[in-house]
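return a 3D structure for these sequence lines:
(chains A and B)
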Amino acid sequence: MATLKEVQSKIVGVKKTRQITSAMKMVATSRLRGAQNNMEAFKPYAGKFAEVLGSIAGKSGEDASPLLVPRDEVKKVALILCTSDRGLCGGFNTNLITKADKFIQSELDGKDVSLICFGKRGRDWARKQPQSIEDEFIGVVGGNVEFSVASSSGQKLIDSFLSGAVDEVYLVYSEFINMARHTPTIKQILPIPSLEEVAQEKEAEKDAEFLPEHICEPSSDALLGEMLPKNIFIQIFDALLQTSTSEHAARMSSMENATKACDDMVGELQTIFNKTRQAGITADLMDIVGGAEALKG
Amino acid sequence: MTEKLFLEVVTPQKAIVSEEAEIVVAPGSEGEFGALKGHTTFLTSLKIGTLRYKDVNGKERYLFINGGFAEVLPDKVTILAESAERRKDIDVERATKAKERAERRLAAKTADTDLLRAEVALRRALHRLNVKQAK
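Now for the predicted structure:
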């Protein structure tokens, strides 16, 4: 049986850990609020953009932009992997990485895959993989995501798609559904899935309100050509925002669990502590009583 | 009293303007255009430039617009800009420096100068200063 002192020092240690985890939980909570605000702030832009895009997408043909044309033979694929920079958020990064890894093993088997990593965790994993790392961005996810990051990395991808260096581009990110649910998601961003799909997706989002035909300047095809790349930036930006929010939510819940586990542990240790102390007292009493009996006799 | 239309300027990071305006003048890619209430529905891309509008008190307001799109409806104008700045948010010092840097780069014209990028930077800087100095 452990001595009193040992149990005591364990209790102190666990209590200190609990202090740290509960502080981290509070930090995560406030960061989460910030991340959610960013997501909220982005909504009007994304919503309006989708609405406008949907309304002109219906009017344009398939050949409006080279970004829409699928390649006959897909050899080179780029995968954008969004993860967090920091750990201590449960299975958050592992889930994302497993999703990406499975996707590479099954769907992209035999293709030349290059990775674009947002977040240190994903990058550290990618370094151990045979795939090459095209680009890495550290310190983006989890902080204040700038739109320019999404647009400059998106532009690079579009350039390499147009030059033929890449045939398909996928995005792996964590979709934020609610505080308790965020699922790793894979989305194809290049070539852009057919316009009808884009339009339908948008159609579902906007209300039944009928949009009148617009006069477009320059032509609707030219406008579409300008909007499609932007739409890709928006998707990347959205993925980064959602991953950031999910990260903080994941950290918050895992820190909460850790705090609870600490509470349980302190309780158990306290019981052991009490029992040990009681056992000590009983033994001492027995000694005294035994001694007194011996003197009497 | 002229009739009002509703102006919204949104960027991915936040909504910059959301208020009523008498008239909105925006830098369309095919030329600057003005919109009053009752304008026909109209969609255009925007250049880097200056957006001005007259608010409910008849005061002229200026914004720097870093390209984007505009949707005009009879009673509403929506500007989707990648970034936009109100006059008070413009950093003159930074813009002046950016202007000088871009001018130097354009003047040097060495083989590895990205002319397009320098030109865009110059345009941005000039318009920022323009917005700041407008009466």
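
what about A:Thr183, distance to chain B?
Using CB to the nearest CB, to the nearest Å, we find A:Thr183 at a distance of 24 Å from chain B. No exception for glycine: its C-beta is placed from N, CA and C like everyone else's.

kindly report the same for A:Cys82.
From A:Cys82 across to chain B, the span is 17 Å (CB to the nearest CB).

shouldn't that residue be in contact with A:Tyr173?
Yes: using CB atoms under 8 Å, A:Cys82 is in contact with A:Tyr173, at 4.1 Å.

shared neighbours, the two?
Listed as contacting both A:Cys82 and A:Tyr173 by CB atoms under 8 Å, 6 or more residues apart in numbering or on different chains are A:Leu96, A:Ala239, A:Leu240, A:Thr243.

and for the last one, the neighbour number?
The criterion is other CB atoms under 10 Å in any protein chain shown. On that basis, A:Thr243 has 31 neighbouring residues.

what helix or strand is it on?
For A:Thr243, the host element (DSSP states H and E) is helix A:220-296.

how about the residue most central in space within chain B, secondary structure?
The structure's chain B has its C-alpha centroid closest to B:Ile65; by CA atoms, centre = their mean the separation is 2.6 Å. What DSSP: H, G, I helix; E, B strand; the rest coil gives for B:Ile65 is strand.

same deal with A:Pro184?
Classified using three-state DSSP, A:Pro184 is strand.

now the angle from the helix or strand hosting A:Ser148 to helix A:220-296?
Assessed by DSSP H and E, A:Ser148 sits inside helix A:147-162. Orientation check (axes from the mean of the first three to the mean of the last three CA atoms, to 10 degrees): helix A:147-162 against helix A:220-296 gives 120 degrees.

list the buried residues for helix A:147-162?
For helix A:147-162, the neighbour count (16 or more other CB atoms under 10 Å in any protein chain shown) marks A:Phe147, A:Val149, A:Ala150, A:Ser151, A:Ser153, A:Gly154, A:Leu157, A:Ile158, A:Ser160, A:Phe161 as buried.

quick one: the helix holding A:Thr243 near chain B?
Yes: counting by CB under 8 Å from any CB of the partner chain, chain B is contacted by helix A:220-296 at A:Ser220, A:Leu223, A:Glu226, A:Met227, A:Lys230, A:Ile234, A:Phe237.

and the gap between A:Ala2 and chain B?
Using CB to the nearest CB, A:Ala2 is found at 56 Å from chain B.

circling back to that earlier point, average pLDDT for the helix or strand just after the helix holding A:Ser148?
Using DSSP H and E, the next helix or strand after helix A:147-162 towards the C-terminus is strand A:168-178. The predicted model assigns strand A:168-178 a mean pLDDT of 92.

check which residues of strand A:168-178 are buried.
Applying a neighbour-count criterion of 16+ other CB under 10 Å, the buried positions in strand A:168-178 are A:Glu168, A:Val169, A:Tyr170, A:Leu171, A:Val172, A:Tyr173, A:Ser174, A:Glu175, A:Phe176.

the third one pairs with what?
To tie it back to what came earlier, the one meant is A:Tyr170. A:Tyr170 has the following beta-bridge partners by DSSP bridges: A:Leu79, A:Gln188.

give me the distance between it and B:Ile79.
A:Tyr170 sits 32 Å away from B:Ile79, going by CB to CB, to the nearest Å.

cool, and the last one?
Spatial separation of A:Phe176 from B:Ile79 under the definition CB to CB is 28 Å.

chain B - how does it break down into domains?
Residue ranges for each domain of chain B read B:5-87, B:90-133, as given by automatic domain parsing.

what of chain A?
For chain A, automatic domain parsing gives the domain ranges A:4-27+A:258-296, A:39-252.

out of these, which is closest to B:Arg86?
B:Arg86 lies closest, by CB to CB, to one member of those: domain A:39-252, at 15.9 Å.

helix or strand: which one has residue 33?
This is for chain A. A:Arg33 is part of helix A:4-57, with elements assigned from DSSP H and E.

try again with chain B
Element membership for B:Phe33 (DSSP H and E) is strand B:31-35.

may I see the buried residues of the helix or strand just after that strand?
Later in the chain than strand B:31-35, the nearest helix or strand by DSSP H and E is strand B:42-55. By 16+ other CB under 10 Å, the buried positions in strand B:42-55 come out as B:42-54.

so what does the helix holding A:Thr243 touch, helix or strand wise?
Secondary-structure packing of helix A:220-296 (3 or more CB pairs under 8 Å, 6 or more residues apart in numbering or on different chains; DSSP states H and E): helix A:4-57, strand A:76-82, helix A:92-106, helix A:147-162, strand A:168-178, strand A:181-190, strand B:42-55, strand B:60-73.

distance from the fifth one to the middle of the chain?
What it means is strand A:168-178. Relative to the chain's own centre, strand A:168-178 is displaced by 8 Å; criterion: CA atoms, centre = their mean, to the nearest Å.
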